[in-house]
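> just coords:
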């Protein structure tokens, strides 16, 4: 690497002035400016976001992660667009804490929406600087230069040119950016350059394929489960048979015949390690443990909703309170009321979580599939008593992730085991841990009331949710108090409170939207602790609120689409409802379907939702077998507006995944438990949508809005799925199902 | 007690010395160093560990390694290469099927056998033939398109 003279570095830092004065003598090579040494990783350094290699290829450093929806491709498109380089020359490094800034990890569908901002700004700034450098090199003012495929050339004289690689390749910009001081999702960094106007986009809006698909299809992609490091041991954790029980006595003799087994115990945390993975699995199964006698902590499963109804409120918030509710209801000609119920649901990722930690006295390395490796690094540092900068977090794709699943717990487990045995340890859960011990999506009830005047107009509207907190376990694992191991070890507890309200724009004059949280069923190391699961609390809230909108429509004899359009205020909301209805050939009539004879009942339902800058309307069409009560949601029509679209094909597949997972959760998924433990611990006891039950068609209408910034799409379209199906079930049968999932057992009796 | 067990793995003769009741999956992943197939459930419920034994899909998490003795074991990585992709792999790429992709062994290895035995399946035959496999990301629609595409290409 070329050694740089300090004055030249400083000269380069004053690039803006140089352009005007053309003060750089000719004959400078790229290595003469910038820095040969990479500045320390910090949000306010251009080099933290982008690197130009000697061959002119570009590396983008992204502090969020792709969970399989192609966010990395979208980021590469954004960088490509701003830098004018070929897409094939851009690679994206994700989630390595030594190489990427903490942009919050995968979080709330903000990969493009928020994470893309810094990358877009950085790429624009890099282009500006590179053009200035080329200007100095070629002796031509910047406004007479143009860039194509990473080569800066003089307008009208393409023989006078210089490539990005020649200008800076292999060296560093060493250029400060402005940043807003916020690590995580809200981080914004920017240079002097203004990004291009969307009207000029060439790559953004196209559909280049995913980078990782071929490797996955050829069985060549390494997951976090595939990480192997020298001297690595295999670890497994042992969870109590009755939640809250503590190990009283551990009989290590019970596994003495298995070679190399070591037991690790720290208060309630219990694990084993072995040289061979299969030995570890068997040892964890066979280890004889005497557990403390504790009263079973949970109510009967059948009493769950009664428990929620009666539980004291921990926190209440009223995010929307418009007009005067009480007089509106007092003067109502008619009041419509309903209550809805949503169960605990599991992430049920394809593989139980896995992590590898190499804990040494002076530092540690964490390999994690967590959505938030920077925060995972912080959590491992804390539990090991190390400064965060001594822990290197490396993100490797995990076996599926839809929020705060069990991945964070695995990192802490591996750290504790590695520290105890002084060797790197790989931990992977067993299936019963993936289903039974992951943080759960919260169970809830939702009470809705509408006051109608004598003409059936809505004059008052109240929607209140009550349930377990969406953040009993925080959104990330940066503090071990939010890990299973930390709680088993007796760390102090700090349950956070949060829920949500319907995301809609119904213009009801007197309107109140509120939520209430209740205490967890078990405050420590609970298999029913609650946290973010894809579109945290969105599916349950919108299941209730959009079902209830249909109930009001039915009560007033209104068509469900017409009813929504009568009250919706936001133009984009109106547009998606219209677009979905039109595309689905929606025939205007009230529900239910007047033709409800025969063995197969058919119906259609609509539901819609906003989601953090996106808006989605879905028409579901169902066929119901009257004799079994089984619902087949055979067709979905989705109108989707997430602002500017970066990659339409990727977006369509992302939406399909949302629809299928949403259908699964609406029709099949319910965590079950007894007084002692979770009893839905595998794919038989926690069924998800089978391919025989998949829709025939998911028809997607994309409403591109180049004038708007891109919003997230990772969760938006799962939000209204359950309500669209519930409304279609009502249309087909005249039966209103107010409890999810909408299983045959629940529908059949009503069809008799 | 450990025993010597020999089989052909993706076209190469391999011998391992392991307890014969060890699940094949652990032998493939650890003794033989494959990073694929995957542990999904250990209960033969999801398919993430699916391999072929003499062309028949088997859930390697629940098959003892002794059952592989003398057979031809084929994994997803042994099915085809970027230069010579199996038609199903080609179709899964064209359709950009996987999201997290952890489940792919099950879908592709099962579909390979399905299309071999039923080259021109009906929609119902495709769905029935793949029933029971799990995909948590919900790529069902793309899986169906890819299998239909591969069937049409055959």
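Yep, it's here. All of these numbers come straight from a predicted model, not from anything done at the bench. Numbers count the residues shown, from 1 in each chain, chains lettered A, B, ... in the order given.

> Next, give phi and psi for the residue lying closest to residue B:68 once chain neighbours are set aside.
Distances taken as Cβ to Cβ, 6 or more residues apart in numbering or on different chains place residue B:7 nearest to residue B:68, at 4.7 Å, with adjacent residues excluded. From N, CA and C alone the C-beta is placed, and that goes for glycine too. Dihedral pair for residue B:7: phi -160, psi 170, per degrees, to the nearest 10.

> same deal with residue A:412?
phi -70, psi -40.

> nearest residue to it other than its sequence neighbours?
That would be residue A:483: by Cβ to Cβ, 6+ apart, it lies 4.0 Å from residue A:412.

> can you check residue A:592 too?
residue A:734 (4.1 Å).

> about what we covered before: need the contact list for the residue nearest to residue A:412.
Applying Cβ atoms under 8 Å, 6 or more residues apart in numbering or on different chains to residue A:483 gives the contacts A:379, A:383, A:408, A:409, A:411, A:412, A:413, A:477.

> hmm, 6 Å instead?
Contacts for residue A:483 (Cβ atoms under 6 Å, 6 or more residues apart in numbering or on different chains) come out as A:409, A:412, A:477.

> Against chain B, how distant is it?
To chain B, residue A:483 is 22 Å away according to Cβ to the nearest Cβ, to the nearest Å.

> got the residues of the stretch 401-550 of chain A near chain B?
residue A:431 (Cβ under 6 Å from any Cβ of the partner chain).

> That should have said chain A, apologies.
A:68, A:209-210, A:213-214, A:216-217, A:219, A:222, A:226, A:277-278, A:349-351, A:399-400, A:431, A:656-657, A:660-661, A:682-683, A:690-692, A:694, A:698.

> Give me the subset of the residues you listed lying in helices.
A:213, A:214, A:216, A:217, A:277, A:278, A:431, A:656, A:657, A:660, A:661 (DSSP state H).

> Tabulate these (a markdown table), appending neighbour count and pLDDT.
Listed next are those as a markdown table, based on neighbours: other Cβ atoms under 10 Å in any protein chain shown; pLDDT from 0 to 100:
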| residue | neighbour count | pLDDT |
| --- | --- | --- |
| A:213 | 23 | 98 |
| A:214 | 16 | 98 |
| A:216 | 24 | 98 |
| A:217 | 28 | 98 |
| A:277 | 22 | 97 |
| A:278 | 22 | 97 |
| A:431 | 22 | 98 |
| A:656 | 25 | 98 |
| A:657 | 28 | 98 |
| A:660 | 30 | 98 |
| A:661 | 27 | 98 |
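
> Farthest pair within these?
By the measure Cβ to Cβ, A:278 and A:656 form the most distant pair in these, at 37.3 Å.

> pLDDT on the one helix or strand residue B:124 maps to, on average?
Assigned by DSSP states H and E, residue B:124 belongs to helix B:123-130. In this model, helix B:123-130 carries a mean pLDDT of 98.

> Check whether that helix comes into contact with chain A.
Yes - Helix B:123-130 reaches chain A (Cβ under 6 Å from any Cβ) through B:127, B:130.

> Just the buried residues of that helix, please?
For helix B:123-130, the neighbour count (16 or more other Cβ atoms under 10 Å in any protein chain shown) marks B:126, B:127, B:129, B:130 as buried.

> Between which two of these is the distance greatest?
Taking Cβ to Cβ, the two most distant members of the buried residues of helix B:123-130 are B:127 and B:129; they sit 7.3 Å apart.

> Please list all residues in contact with residue A:45.
residue A:39.

> which residues pair with it across the strands?
The bridge-partner assignment for residue A:45, based on DSSP bridges, gives residue A:176.

> ok, back up a step: the next helix-or-strand element following the helix holding residue B:124 vs chain A: in contact?
Later in the chain than helix B:123-130, the nearest helix or strand by DSSP H and E is helix B:140-153. Yes - applying Cβ under 6 Å from any Cβ, one finds helix B:140-153 touching chain A at B:140, B:141.

> who does helix B:140-153 touch, helix- and strand-wise?
Secondary-structure packing of helix B:140-153 (3 or more Cβ pairs under 6 Å, 6 or more residues apart in numbering or on different chains; DSSP states H and E): helix B:87-94, helix B:104-117.

> Pull the distance from the longest one to the chain's centre.
On the basis of Cα atoms, centre = their mean, to the nearest Å, the separation between the geometric centre of helix B:104-117 and that of its chain is 7 Å.

> For that helix, name the packing helices and strands.
Using 3+ Cβ pairs under 6 Å, 6+ apart, helix B:104-117 is in contact with strand B:50-53, strand B:56-59, helix B:87-94, helix B:140-153.

> how about the third one: buried residues?
By neighbour count, and taking 16+ other Cβ under 10 Å as the criterion, the buried residues in helix B:87-94 are B:87, B:88, B:89, B:90, B:91, B:92, B:93.

> counting contacts, what elements does it pack onto?
helix A:213-217, helix B:104-117, helix B:140-153.

> Need the ones you listed in TSV (columns: distance to residue A:674).
Converted to TSV, those look like this (distance: least, Cβ to Cβ, whole Å):
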stretch	distance to residue A:674
helix A:213-217	38
helix B:104-117	31
helix B:140-153	32
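
> out of these, nearest to residue A:105?
Of the helices and strands packed on helix B:87-94, nearest to residue A:105 by Cβ to Cβ is helix A:213-217, at 21.0 Å.

> next helix or strand past that closest one?
Remark: after helix A:213-217, the chain's next helix or strand is strand A:233-237, criterion DSSP H and E.

> Phi, psi for the residue nearest to residue A:216 when sequence neighbours are not counted please.
Nearest in space to residue A:216, with sequence neighbours left out and distances taken as Cβ to Cβ, 6+ apart, is residue B:101 at 3.6 Å. Dihedral angles of residue B:101 (phi, psi; degrees, to the nearest 10) stand at phi 80, psi 0.

> and residue B:101, how far is that from residue A:70?
Separation of residue B:101 from residue A:70 (Cβ to Cβ, to the nearest Å): 12 Å.

> Residue A:724 now?
The value you get for residue A:724 to residue A:70, if Cβ to Cβ is used, is 25 Å.

> can you check residue A:650 too?
According to Cβ to Cβ, residue A:650 and residue A:70 sit 4 Å apart.

> Just want to know which of the two has more residues nearby.
Taking other Cβ atoms under 10 Å in any protein chain shown, residue A:650 and residue A:70 do not tie; residue A:70 has more neighbours (29 against 22).

> ranges for the helices of the stretch 651-752 of chain A?
Using DSSP state H, counting those that start in this stretch, the helices assigned to the stretch 651-752 of chain A run over residues A:721-733, A:744-751.

> can you redo the ones you listed as TSV with mean pLDDT and mean neighbour count?
TSV is the format used below for the helices of the stretch 651-752 of chain A (pLDDT from 0 to 100; neighbours: other Cβ atoms under 10 Å in any protein chain shown):
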stretch	mean pLDDT	mean neighbour count
helix A:721-733	98	29
helix A:744-751	96	15
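
> Following the chain past the helix or strand bottoming out on mean pLDDT in chain A, name the next helix or strand.
Scoring the helices and strands of chain A by mean pLDDT, DSSP states H and E places helix A:15-21 at the bottom, with a mean of 35. Proceeding N to C from helix A:15-21, the next assigned helix or strand is strand A:50-52, under DSSP H and E.

> hmm, back to that, quick one: which of the contacts of residue A:483 is most hemmed in?
residue A:477 (32 neighbours).

> So for stretch A:148-168, first residue to last residue, what's the gap.
One end of stretch A:148-168 to the other measures 16 Å (Cα to Cα, to the nearest Å).
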